[in-house]
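> quick one, structure for this:
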Amino acid sequence: MDPVQDFARLISCLRSRKERKRVVVVCPNDPHTEYVITRSLHEGFADFLLVADTPHLMHSEYIRMQYPDHVKVYEASSPDKAAQEGVALVREGHADVLMKGIINTDNLLRAVLNKEHGLLPKGNVLSHITVAQIPTYNKLLFFSDAAVIPRPTFEHFEAMLKYDLAVCRRLGIAEPRVALIHCTEKVNEKFPHTLDYVKLKERAEAGEYGAMFLDGPMDVKTACDTHSGEVKGISSPVAGHADLLIFPNIESGNTFYKTVSLFGDANMAGMLQGTSAPVVVPSRADSGNSKYYSLALACVAG
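Okay, the predicted model is just below:
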């Protein structure tokens, strides 16, 4: 499989498979979510199980009437009950992907993270991956973690790395180039994450993460701009060519996310990882396109 280098190719990849992923959407009664559902149905890569709370049931019934062979509707008495029902449908094998509609993220995650009936297997790390299509970069750029882990430990970094590598490979990147992000290229005990980076590099060199290139610490510009690496005298297969950025904390990852989407005019997609099925939890401020690409990403990666 050739690497998927933009979202148009991601959609083409999904369509070429000629199979429909089963997607549960919890509280699908807002315009952006309805747009995602109808566009995905039109493209033919997903069937939907819509779990609506009673006051908004008719929104979902209207979609079902338009696509009776590809949409099922479930009624719940409240958004919390809808979240529980959506998670149960995934747990019971009726769906491949869980997606958030207008429900509050905390309410959905309460059901996803329930120790007895949720979707996070014991011992797994919950993390988030974002994929950005930036007009000034020549391929998709993956990064973690912009939404879940405040201060990653070494175990968190390793889990993030393994999850993200798996997604990269699902999108045809046979040897992902990974940059461990910091404000400089120096390892310093005042910044404990740089010591974790050293351990990650040692394990990568020992082959524990499969075919890939991993380097750092380095800043984002060095990771994504060849000239910057040359000026600094950095000889690395990652410098200037990164596929994946691992950020040291949630502040830096989230700031990068908001900056490239606002000032860089990037299209974005994202999903939770570590769960037994992909979970799409778009922000209320995300565009319809962003939510659509997030679902497409989950359908490819799941």
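
> the stretch 51-200 of the chain: helices as residue ranges?
57-66, 79-91, 105-112, 154-170, 192-205 (DSSP state H, counting those that start in this stretch).

> can you list those helices in a markdown table and add distance to residue 41?
(C-beta placed from N, C-alpha, C; glycine too.) Below are the helices of the stretch 51-200 of the chain laid out as a markdown table (distance: least, C-beta to C-beta, whole Å):
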| stretch | distance to residue 41 |
| --- | --- |
| helix 57-66 | 8 |
| helix 79-91 | 18 |
| helix 105-112 | 22 |
| helix 154-170 | 23 |
| helix 192-205 | 41 |
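
> can you say which of the ones you listed is nearest to residue 118?
helix 105-112 (5.3 Å; C-beta to C-beta).

> between the helices of the stretch 51-200 of the chain, which one is closest to residue 261.
It is, among those and with distance given as C-beta to C-beta, helix 105-112, at 17.6 Å.

> mind giving me the packing neighbours of that closest one?
Packing partners of helix 105-112 (3 or more C-beta pairs under 8 Å, 6 or more residues apart in numbering; DSSP states H and E): helix 79-91.

> so how far is the helix it packs on off the chain centroid?
Distance of helix 79-91 from its chain centroid, counting by C-alpha atoms, centre = their mean, to the nearest Å, is 20 Å.

> can you count the residues close to residue 262?
Number of residues near residue 262 (other C-beta atoms under 10 Å) recorded here: 9.

> roughly how far apart are it and residue 132?
Separation of residue 262 from residue 132 (C-beta to C-beta, to the nearest Å): 12 Å.

> deepest of the helices of the stretch 51-200 of the chain, which one?
Mean neighbours per residue, mean count of other C-beta atoms under 10 Å, is largest over those for helix 79-91, with a mean of 22.

> please name the nearest non-neighbouring residue to residue 22.
Distances taken as C-beta to C-beta, 6 or more residues apart in numbering put residue 95 closest to residue 22, at 4.3 Å, once the chain neighbours are dropped.

> that older thread, what's the closest of the helices of the stretch 51-200 of the chain to residue 276?
Closest to residue 276 of the helices of the stretch 51-200 of the chain is helix 79-91 (C-beta to C-beta; 7.4 Å).

> tell me the mean pLDDT for the closest one?
Per-residue pLDDT over helix 79-91 has a mean of 97.

> that helix - contacts with which helices or strands?
Partner elements for helix 79-91 (3+ C-beta pairs under 8 Å, 6+ apart): strand 21-26, strand 46-53, strand 71-76, strand 97-100, helix 105-112.

> run the last query once more with 6 Å
Counting contacts by 3 or more C-beta pairs under 6 Å, 6 or more residues apart in numbering; DSSP states H and E, helix 79-91 packs against strand 21-26, strand 46-53, strand 71-76, helix 105-112.

> so which of those gets nearest residue 63?
Closest among the helices and strands packed on helix 79-91, once you apply C-beta to C-beta, is strand 71-76, at 5.6 Å.

> what helix or strand does residue 214 sit in?
If you go by DSSP states H and E, residue 214 is part of strand 213-218.

> related to what we said a few turns ago, most packed of the helices and strands packed on helix 79-91?
For those, the highest mean count by mean count of other C-beta under 10 Å goes to strand 21-26, at a mean of 26.

> direction included, what does that one pair up with?
Listed by DSSP bridges, the sheet partners of strand 21-26 and their directions read strand 46-53 (parallel), strand 97-100 (parallel).

> what mean pLDDT does it get?
Averaging pLDDT along strand 21-26 yields 97.

> what's the next secondary structure element after it?
Strand 21-26 is succeeded, C-terminally, by helix 31-43 (DSSP H and E).

> need the contact partners of that next one.
The contact list for helix 31-43 (C-beta atoms under 6 Å, 6 or more residues apart in numbering) reads 46, 48, 67, 70, 101, 288, 291-292, 295.

> ok and it relative to strand 46-53, angle-wise?
On the basis of axes from the mean of the first three to the mean of the last three C-alpha atoms, to 10 degrees, helix 31-43 is oriented at 150 degrees to strand 46-53.

> can I get stretch 96-105 in PDB? Just the C-alpha atoms.
Backbone C-alpha positions of stretch 96-105 (Å, rounded to 0.1, in the frame of the first residue of the first chain) are rendered in PDB as follows:
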ATOM      1  CA  ASP A  96     -16.400  -1.100  15.100                       C
ATOM      2  CA  VAL A  97     -16.100   2.600  16.000                       C
ATOM      3  CA  LEU A  98     -17.700   4.900  18.700                       C
ATOM      4  CA  MET A  99     -18.200   8.500  17.800                       C
ATOM      5  CA  LYS A 100     -19.300  11.500  20.000                       C
ATOM      6  CA  GLY A 101     -22.100  13.700  18.800                       C
ATOM      7  CA  ILE A 102     -23.400  16.700  20.700                       C
ATOM      8  CA  ILE A 103     -23.000  15.000  24.100                       C
ATOM      9  CA  ASN A 104     -20.400  16.500  26.500                       C
ATOM     10  CA  THR A 105     -17.100  14.700  26.200                       C
END
